[in-house]
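Enquirer: One predicted model, sequence on top.
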Amino acid sequence: MKEESFLKKENSIPDPWDLPLETFDVSKAEIFESNLHGEYFRRLRKESPVHYCPESQFGPFWSITKFHDIVAIDSDHKRFSSETNIVIGDAQPELVTPMFIAMDQPKHDVQRKAVQPVVAPTQLSELEVIIRQRVGNILDDLPDNEDFNWVELVSKELTTQMLATLFDFPFEDRHLLPYWSDVATTSETVGIEVDMNQRQEVLQECLAYFSKLWYQRAAEPRKFDFISMLAHGEDTKDMINDPMEFLGNLILLIVGGNDTTRNSISAGVVELNRNPKEYEKLKDDSSLIPNMVSEIIRYQTPLGHMRRTALEDVEFKGHKIRKGDKVVMWYVSGNRDEEVIESPDAFIIDRNKARHHLSFGFGIHRCMGNRVGEMQLRILWEEILRRFDRIEMTGEPERVLSNFVMGYSNVPVKVHKK
Amino acid sequence: MTKVIFIDHDGNNYEINANQGDSLMEVAISNNVPGIDADCGGLCACGTCHVFVEPNWLSKVGERSEMEDSMLEYTENVKSNSRLSCQIKISEELEGLTVKLPEEQF
């Protein structure tokens, strides 16, 4: 998924139980790429659920790893700010792109409300028919009886088509959307060594493309796509005059609609193959799909963390969090919290209370597109069951390098038609 | 026990004898009333247990908190009688409380 030429790599992940807690650092992207983070977080939840790491490549930071502690911080937006940075690393000041996920009230509210109707349930039911048709086309075009990468041909393609619809983006250029999404998430701020100026150049191309769309939409009557809603929104109609803020919100909407659902689509295939009994359950009873969708989203936790900044000194669970400290809420850990979720390491498609997970966040920044993501996954699995006896994973999947995006670059599969 | 009534979007009635002290959301979930998701489990942090309180009950169920107001702002079709059912506690005074459910939670 990532541009190989951007990256330098080194790898040696120590056993987390051998490391001293005083300097324990979970932030290295390689830990997540190697899928070893589970054990790191198990140790923190057990021995130091609110943990201070004094030194890391991102500077000092707090790790919040238990479910209810994460909900408490996420809901406490008056003391824990989202302003400017919402991932563990700070962007260099000249590269900051303001976006509403990284704003506090009241500015956050007006910008979010301008675009939210595009992904509200009423609007989505209008889209269901067209999505089902596209899912059908994607699945019918898959190669028969040969290995291919599920991520490229299904996960990426489906989310890209959906996103193109939500932006009313020129369909023939839609491949630009996942490209920009990947460039945006390949960043020093989430633990990837990359030429940040080169990254910025690509993002400027994204801005230029969307600026043209903006002027077109502004000249036409308002309709239900993200750009039109922003261009006609009472509080957002001048956003085009602040190019960095326009770019920031574009990145938010592109990444939000891309990487997240993409990786849940891939994860479904991976986990059903690793848990053949669950696959059988699904084939026996397709009414389990909506519940399975929530379980996939919990199990994968497509975004591993969100970060806040303390606005004042806060006493939290016996720890003194100081004004200005970085506080990282590890959703990927809270979703494995043994005290809230029964057998959290097991993938169980008919799990009780499957919706009770942290993957969408809680509080005012809760995922705006959660219903779009769930709908895509639901329709996809309904259509898969109609066509295929089995999606067989034919090799080990490859994960992406990031402490933020919990994803796959390659899931080799072969499909078996009914 | 206190009797409460949920009316779903299609007009079906669910009459439940609720335990005092439970939240209205808990009453719906434990009696399998469809249409309440309650993703956060009752912490006023998600907005997926949205209900419309029948106007004559509004004063009896109390006021929204600031956080509840915030969460409701991000749901769909919010009206002046919109509440998060996890924030309504069942008490004796609510005998007969009637709420309507939205078409979908967001």
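Expert: Sure thing, it's come through. Owing to the predicted nature of the structure, the values given are computational and were not obtained by experimental measurement.

Enquirer: Roughly how far does the residue sitting nearest the centre point of chain B sit from B:Ala18?
Expert: Nearest residue to the geometric centre of chain B (CA atoms, centre = their mean): B:Ser85, 2.8 Å. To B:Ala18, B:Ser85 is 11 Å away according to CB to CB, to the nearest Å. C-beta coordinates here come from the backbone N, C-alpha and C atoms, glycine included.

Enquirer: Could you tell me which residues touch both of the two?
Expert: B:Leu24 (CB atoms under 8 Å, 6 or more residues apart in numbering or on different chains).

Enquirer: what are the ranges of the strands in the stretch 1-150 of chain A?
Expert: Here the stretch 1-150 of chain A has its strands, by DSSP state E, counting those that start in this stretch, at A:50-53, A:61-64, A:80-81, A:148-149.

Enquirer: Actually, chain B.
Expert: Using DSSP state E, the strands of chain B run over residues B:2-7, B:13-18, B:50-53, B:82-84, B:97-100.

Enquirer: Mean neighbour count and mean pLDDT for the ones you listed - can I get that in a markdown table?
Expert: A markdown table is the format used below for the strands of chain B (neighbours: other CB atoms under 10 Å in any protein chain shown; pLDDT from 0 to 100):
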| stretch | mean neighbour count | mean pLDDT |
| --- | --- | --- |
| strand B:2-7 | 19 | 98 |
| strand B:13-18 | 15 | 97 |
| strand B:50-53 | 23 | 98 |
| strand B:82-84 | 23 | 98 |
| strand B:97-100 | 20 | 98 |
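
Enquirer: Nearest to A:Trp330, out of these?
Expert: Counting by CB to CB, A:Trp330 lies closest to strand B:82-84 out of these; the figure is 26.6 Å.

Enquirer: one step back: with mean neighbour count as extra columns, can I get the strands of the stretch 1-150 of chain A in JSON lines?
Expert: Output for these, formatted as JSON lines (neighbours: other CB atoms under 10 Å in any protein chain shown):
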{"stretch": "strand A:50-53", "mean neighbour count": "20"}
{"stretch": "strand A:61-64", "mean neighbour count": "24"}
{"stretch": "strand A:80-81", "mean neighbour count": "22"}
{"stretch": "strand A:148-149", "mean neighbour count": "17"}
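
Enquirer: okay if I get those strands as TSV plus distance to A:Asn241 and mean pLDDT?
Expert: Converted to TSV, these look like this (distance: least, CB to CB, whole Å; pLDDT from 0 to 100):
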stretch	distance to A:Asn241	mean pLDDT
strand A:50-53	40	98
strand A:61-64	35	98
strand A:80-81	25	98
strand A:148-149	42	98
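
Enquirer: Which one of these lies nearest to A:Gly233?
Expert: Among those, strand A:80-81 comes nearest to A:Gly233, with 24.0 Å by CB to CB.

Enquirer: Quick check: buried residues in the longest helix belonging to chain A?
Expert: Criterion DSSP state H: the longest helix present in chain A is helix A:196-219. Neighbour-count burial for helix A:196-219 flags A:196, A:199, A:203, A:206-207, A:209-211, A:213-214, A:217 (criterion: 16 or more other CB atoms under 10 Å in any protein chain shown).

Enquirer: ok, so of the residues you listed, who is nearest A:Thr309?
Expert: A:Met196 (21.1 Å).

Enquirer: which residue sits closest to the closest one, ignoring its sequence neighbours?
Expert: A:Glu188 (5.9 Å; CB to CB, 6 or more residues apart in numbering or on different chains).

Enquirer: can you check A:Glu315 too?
Expert: Per CB to CB, 6+ apart, closest to A:Glu315 is A:Ile321, 7.7 Å.

Enquirer: how much space between the one you found and chain B?
Expert: For A:Ile321, the distance to chain B equals 20 Å [CB to the nearest CB, to the nearest Å].

Enquirer: One more: A:Gly233?
Expert: Applying CB to the nearest CB, the value for A:Gly233 to chain B is 15 Å.

Enquirer: so what's that residue scoring on pLDDT?
Expert: We have a pLDDT of 96 for A:Gly233.

Enquirer: That one: how many residues sit nearby?
Expert: 17 (other CB atoms under 10 Å in any protein chain shown).

Enquirer: Next: the one 10 residues further on.
Expert: Burial of A:Pro243 is recorded as 15 neighbouring residues (other CB under 10 Å).

Enquirer: Ok, B:Met1 next?
Expert: B:Met1: 11 neighbours (other CB under 10 Å).

Enquirer: List the contacts of the residue lying closest to it once chain neighbours are set aside.
Expert: Sequence neighbours aside, B:Asn17 is the residue nearest to B:Met1 in space, at 4.3 Å (criterion: CB to CB, 6+ apart). Counting by CB under 8 Å, 6+ apart, B:Asn17 makes contact with B:1-3.

Enquirer: Assign a three-state SS to the residue in the stretch 151-300 of chain A that chain B sits nearest to, would you?
Expert: Proximity of the stretch 151-300 of chain A to chain B (CB to the nearest CB) peaks at A:Ser294, 8.8 Å away. At A:Ser294 the chain is in helix, as set by DSSP: H, G, I helix; E, B strand; the rest coil.

Enquirer: isn't it right next to A:Ala354, touching?
Expert: Yes - the pair A:Ser294 / A:Ala354 is scored as a contact, 3.9 Å apart, by CB atoms under 8 Å.

Enquirer: Now the phi/psi pair for the residue nearest to A:Met196, please.
Expert: Torsion angles at A:Glu188 (phi, psi; degrees, to the nearest 10) stand at phi -60, psi -30.

Enquirer: got the contact list for it?
Expert: A:Glu188 sits next to A:89, A:194, A:196 when contact means CB under 8 Å, 6+ apart.

Enquirer: With distance to A:Leu401 as new columns, can the strands of the stretch 1-150 of chain A be given to me in JSON lines?
Expert: Shown next, in JSON lines, are the strands of the stretch 1-150 of chain A (distance: least, CB to CB, whole Å):
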{"stretch": "strand A:50-53", "distance to A:Leu401": "20"}
{"stretch": "strand A:61-64", "distance to A:Leu401": "19"}
{"stretch": "strand A:80-81", "distance to A:Leu401": "28"}
{"stretch": "strand A:148-149", "distance to A:Leu401": "17"}
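
Enquirer: can you redo these as CSV with distance to chain B?
Expert: Shown next, in CSV, are the strands of the stretch 1-150 of chain A (distance: least, CB to the nearest CB, whole Å):
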stretch, distance to chain B
strand A:50-53, 18
strand A:61-64, 15
strand A:80-81, 13
strand A:148-149, 32
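
Enquirer: Let me see the contact set for B:Glu103.
Expert: Counting by CB under 8 Å, 6+ apart, B:Glu103 makes contact with A:121-122, B:9, B:77.

Enquirer: contacting residues around stretch A:221-241?
Expert: A:110-111, A:113-115, A:117-118, A:123, A:166-168, A:210-211, A:213-215, A:217-218, A:220, A:245-246, A:249, A:253.

Enquirer: So in terms of bridging, what pairs with the residue nearest to A:Glu315?
Expert: Under DSSP bridges, the beta-bridge partners of A:Ile321 are A:Val314.

Enquirer: of all the residues in chain B, which ones are close to chain A?
Expert: Applying CB under 8 Å from any CB of the partner chain, one finds that chain B approaches chain A through B:37-41, B:43-48, B:67, B:70-71, B:73-74, B:76-77, B:103-106.

Enquirer: From those, keep the buried residues only.
Expert: Buried members of the residues of chain B next to chain A, scored by 16+ other CB under 10 Å, are B:37-41, B:43-48, B:67, B:70-71, B:73-74, B:76, B:104-106.

Enquirer: sorry, back to before: what about the strands of chain B, which gets the closest to A:Lys414?
Expert: Checking these against A:Lys414 by CB to CB gives strand B:50-53 as the closest, at 44.1 Å.

Enquirer: nearest to A:Pro344, of the strands of the stretch 1-150 of chain A?
Expert: Closest approach to A:Pro344 among the strands of the stretch 1-150 of chain A (CB to CB): strand A:61-64, 16.5 Å.

Enquirer: Only C-alpha atoms, please: export that closest one in CSV.
Expert: Presented in CSV, the C-alpha positions along strand A:61-64 are these (Å, rounded to 0.1, in the frame of the first residue of the first chain):
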residue,chain,number,x,y,z
PHE,A,61,3.1,10.6,26.2
TRP,A,62,0.5,8.9,28.4
SER,A,63,-1.1,5.7,27.3
ILE,A,64,-4.7,5.0,28.2
